[in-house]
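[1] just a sequence and a predicted model for now, questions to come.
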Amino acid sequence: MRVQLPLALGDFDEPFPDLAIVQGSPRDYLQEHPTTALLVVEVLETSLRADRETKGSLYAHGGIPEYWIVNPEDATIAVLTLTNGVYTEYGLFQRGSRATSVLLAGFAVAVDEVFGRAERQEPEN
């Protein structure tokens, strides 16, 4: 697992995903950055469109089979899978659910854990 470290996806493309799950150990990447990943995660800081189109096209070109977009604004996680060079949405996961990987069997994340638990309202007496 690599946090905010580059992927060498081409001669001129070296994005820094917020999280990337790559094969191998950290020692495998002491001299060079990985050239692909099994899964990348981006936390939205700008627009959803920019992350889906700009970063998504870089990751698709790099052949990364799964791309997660974490959206703090609406507390959702979109799981996208690469099909014929284009990302399609596998699922949009909201509070109370678990975002699950298509590729990595057993890899799942509770949406409430990512965004923190919603504050409970105490009933008025």
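    Nice, I can see it.
[2] list the contacts for Ser25?
    Ser25 is in contact with no residue at all, counting by C-beta atoms under 8 Å, 6 or more residues apart in numbering. Quick note: C-beta positions are derived from backbone N, CA and C, even for glycine.
[3] got it, and Thr81?
    Pro65, Glu66, Tyr67, Tyr87, Thr88, Tyr90, Val102, Leu103.
[4] which among those residues end up buried?
    Pro65, Glu66, Tyr67, Tyr87, Tyr90 (16 or more other C-beta atoms under 10 Å).
[5] any chance of a markdown table for these, columns secondary structure and pLDDT?
    Formatted as a markdown table, the buried ones among the contacts of Thr81 follow (DSSP: H, G, I helix; E, B strand; the rest coil; pLDDT from 0 to 100):
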| residue | secondary structure | pLDDT |
| --- | --- | --- |
| Pro65 | coil | 97 |
| Glu66 | strand | 97 |
| Tyr67 | strand | 96 |
| Tyr87 | strand | 93 |
| Tyr90 | strand | 94 |
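[6] which residues are in contact with stretch 82-101?
    Contacts of stretch 82-101 from elsewhere in the structure, counted by C-beta under 8 Å, 6+ apart, are 39, 52, 56, 59-61, 63-68, 75-81, 102, 107-112, 114-115, 118.
[7] how long is it from one end to the other?
    13 Å (C-alpha to C-alpha, to the nearest Å).
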